[in-house]
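Student: What follows is a predicted structure for the sequence shown.
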Protein chains: 4
Amino acid sequence: MDKKELIRNSAIKVIAAEGYHNTTVKMIAQKAEIAVGTIYNYFSNKGEILNYIFEVEFNKRIELLQQLKQKNISLKEKIMIFLDKHFADLKANSDTATVLIQESKLPRKHSLEAINNFMNKLPDLLAKIIDQAREKEEIRIVNSQLVANIIFHTIRGVATKVVKDNKLSFTEAKKELLDQIWFGLSK
Amino acid sequence: MDKKELIRNSAIKVIAAEGYHNTTVKMIAQKAEIAVGTIYNYFSNKGEILNYIFEVEFNKRIELLQQLKQKNISLKEKIMIFLDKHFADLKANSDTATVLIQESKLPRKHSLEAINNFMNKLPDLLAKIIDQAREKEEIRIVNSQLVANIIFHTIRGVATKVVKDNKLSFTEAKKELLDQIWFGLSK
Amino acid sequence: MDKKELIRNSAIKVIAAEGYHNTTVKMIAQKAEIAVGTIYNYFSNKGEILNYIFEVEFNKRIELLQQLKQKNISLKEKIMIFLDKHFADLKANSDTATVLIQESKLPRKHSLEAINNFMNKLPDLLAKIIDQAREKEEIRIVNSQLVANIIFHTIRGVATKVVKDNKLSFTEAKKELLDQIWFGLSK
Amino acid sequence: MDKKELIRNSAIKVIAAEGYHNTTVKMIAQKAEIAVGTIYNYFSNKGEILNYIFEVEFNKRIELLQQLKQKNISLKEKIMIFLDKHFADLKANSDTATVLIQESKLPRKHSLEAINNFMNKLPDLLAKIIDQAREKEEIRIVNSQLVANIIFHTIRGVATKVVKDNKLSFTEAKKELLDQIWFGLSK
DNA sequence: TATGAATGAGGGTTCATTCAT
DNA sequence: GATGAATGAACCCTCATTCAT
């Protein structure tokens, strides 16, 4: 059993419930049923744990986006595939979703690399995908940077709502989201 | 000079730069050039300061939305006016904007009333405004709750980006945002 | 209306309920319905308030004991009279009783003059009264200092019990106490 | 070396000299030559330290009294044995004695369990022992509850005096005390 | 005299991190 | 690697006291 994974998963559960700042390293150790000291064999400090959580999720998504970027399919399809995977992921790991939403905003001075990547590089890559579509004249003329950001936060907005409000189904949300994004982009 | 306002403004500056959890009450006192104890003559604890910051901003926005709701103008115009005022406000008080975005996500267990109001009642009211437009058949059929959330978070997302990134102009962002929202809604 | 008395009486009520150390000057001011600052026009600091409470009670008792000392009656009668007055007083002012018992033990380093007087001069005077009785051979040979202390603390102990426990009657307690003291002294 | 004992003993010394309310946790840590934080590994808060001090002493005495209760010896002998042990203990640990006397009176609202036990359950058990003797007609008819309290406070009164006044010998005090109690009880 | 806002030293407590076992 | 007791800086908050009005 991989201990680093054990710690990551335990941390996600506690942080989702308590928030990163109200989570103590001891709490994470208890959830993982290991000693505090052990955590420091895998992470150099508390911040690194949160950073690692974002890193893993960031890598999942950047990889997916990179694959999509190279695929020869329409932007609409790309967005659909991304939403499918992303929402499937959130549904399966709602604690992770909570953490990603809850802990994503640190002031510059105390920022973590993986969080910055998550919040900046994902929209950046999305912007490139939009540029591609623009060149192929699939969509109307837009400021791709801005629109990528809009889409990114649109997705987060829906995720926030769905995670909090269990009356809303993921599938319905996904459909509405796709419409909202696509009608916003199409010529 | 109103001391409570002085404290609120000082707190906004420090929290914007440091984040709420890295902000000490002492820091706020120093920024306000008063003693720590004085702060506790106006706020019963640290959390109340943050709560008050949200309360003030929440009231501003809820008032504006309520006015708009009653106005006999199109949804598009309502959104335009809201974006105008909102962005003007953010531009004038970028620290406040930072705080509103940075500190809005507390786990249920440690939540503050005014933050909850901000994050729930504002989209709720927005949803009602969308419902009105729907009844007048200004827009296509949508899940208003969900779309209100999308719009709310989209605005926040763009605001974040623009506040942080001085290459992006507020006016361009506003235009792009309006298009994206409007095309997403119109029939 | 004498403000110093007002403060003393308010202080007694609050201190009885909260204990001296959990009592703030503000609490006393609120109970007295005056401003904190006003208290400092009559007492130089918080300790002085407690000191004054003991001073007043000390004076009452020392006066009584001095009168008794000069009276030409038996020791038993003197004790009876003292118990009568003392218990009548406690009954009428149970908050004062509580304070006298609760707050009487301060470590030497932080001691207050009136408390020291209360705890030392009262037993001292009682010892002298016992000595008188001893000279008249009313009682057996005893270490009067010690016995005076015993009596003093015994009275306080029973008072505590009776004040707290409403099942016990003052009159029965007084009788039992007198017996116990008297049989302990008589030849 | 048991750390909890170390803390207890250090606390006793500081509290005896300063009083509980003038004692800071830091002072206790310094006396124990450990870090403040360490204290909180053994006690959940400052009050628990005082509580534990009383708990230990309460247990010592309740155990002794329980043993005595079962012994088939006269009440006078029981009292003698108790006084012997108690005073030997006080003599050996005069700081503990000081704490037990000084800190025993907290207002109901802020009371500690072990202090309440000490002040109530000890006299209660003593009352039962007196009842036994009464049934065997060893002593005169008395309200055992009251008399138990009287004796309890009588002992405390002497202890107070002896602890404060080093001119008085424990042995002399013990003798006087026994007389006072016994003559008070005997037929 | 009466007021009560302002003060800031100092209290109890927490918790990320270390390190000897 | 695994442990968890020990650490102590730093936090939030209190409250006796002052002083301008």
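Tutor: Yep, that arrived. Only a predicted model underlies this, so the values are computations on that prediction, with no experimental measurement involved.
Student: Could you report the neighbour count for the residue of chain A found nearest chain C?
Tutor: Ranked by Cβ to the nearest Cβ, the top residue of chain A for proximity to chain C is residue A:22, at 29.3 Å. Quick note: C-beta positions are derived from backbone N, CA and C, even for glycine. Residue A:22 has 15 neighbours, counted by other Cβ atoms under 10 Å in any protein chain shown.
Student: check contacts around it.
Tutor: B:107, B:109, B:110 (Cβ atoms under 8 Å, 6 or more residues apart in numbering or on different chains).
Student: separation between it and residue D:171?
Tutor: Look at residue A:22 and residue D:171: by Cβ to Cβ, to the nearest Å, they are 60 Å apart.
Student: what's the answer for residue A:23, then?
Tutor: Distance from residue A:23 to residue D:171, by Cβ to Cβ: 61 Å.
Student: So these two - more neighbours on which side?
Tutor: Set residue A:23 next to residue D:171 and count neighbours by other Cβ under 10 Å: residue A:23 wins out with 22 against 11.
Student: That one contacts residue A:14, correct?
Tutor: Yes - counting by Cβ atoms under 8 Å, residue A:23 does reach residue A:14; the two are 5.0 Å apart.
Student: and whichever residue of chain A sits closest to chain D, how many residues sit next to it?
Tutor: Going by Cβ to the nearest Cβ, chain D is nearest to residue A:26 of chain A, at 11.7 Å. Counted with other Cβ under 10 Å, residues neighbouring residue A:26 total 11.
Student: So for it, what's the pLDDT?
Tutor: On pLDDT, residue A:26 comes in at 98.
Student: thought it was touching residue A:35?
Tutor: No - the pair formed by residue A:26 and residue A:35 falls short of the contact definition of Cβ under 8 Å, at 9.6 Å.
Student: Could you see whether DNA strand E lies near stretch A:3-16?
Tutor: No - using Cβ under 7 Å from any atom of the strand, stretch A:3-16 stays clear of DNA strand E, with a minimum separation of 10.8 Å.
Student: For that stretch, what is the distance to the chain centroid?
Tutor: 16 Å (Cα atoms, centre = their mean, to the nearest Å).
Student: returning to that earlier point: most neighbours among the contacts of residue A:22, which one is it?
Tutor: Result: residue B:107 is most packed of these (other Cβ under 10 Å), 19 neighbours.
Student: Assess the claim that that one and residue A:99 are in contact.
Tutor: No - Residue B:107 lies out of contact with residue A:99 (Cβ under 8 Å); the separation is 9.7 Å.
Student: shared neighbours, those two?
Tutor: Joint contacts of residue B:107 and residue A:99 (Cβ under 8 Å, 6+ apart) are residue A:16.
Student: Show me which residues of chain A sit near DNA strand E.
Tutor: So chain A meets DNA strand E at A:22, A:23, A:24, A:25, A:26, A:36, A:37, A:40, A:45, A:46, A:47 (Cβ under 7 Å from any atom of the strand).
Student: Tell me the residues of chain A that contact DNA strand F?
Tutor: A:3, A:34, A:35, A:36, A:37, A:38, A:40, A:41, A:42.
Student: Would you map the helices across chain A?
Tutor: A:3-18, A:25-32, A:36-42, A:46-70, A:75-92, A:94-102, A:113-135, A:144-164, A:170-185 (DSSP state H).
Student: most tightly surrounded among those helices?
Tutor: Ranked by mean neighbour count under mean count of other Cβ atoms under 10 Å in any protein chain shown, those are led by helix A:144-164, which reaches a mean of 24.
Student: circling back to that earlier point, also within reach of chain A: list those from the contacts of residue A:22.
Tutor: B:107, B:109, B:110 (Cβ under 8 Å from any Cβ of the partner chain).
Student: What score does the residue lying closest to residue A:54 once chain neighbours are set aside have for pLDDT?
Tutor: Nearest non-adjacent residue to residue A:54, counting by Cβ to Cβ, 6 or more residues apart in numbering or on different chains: residue A:114, 3.8 Å away. Note on residue A:114: pLDDT of 97.
Student: Just confirm residue A:114 contacts residue A:52, I think it does.
Tutor: Yes - at 7.1 Å, residue A:114 counts as touching residue A:52 under the criterion of Cβ under 8 Å.
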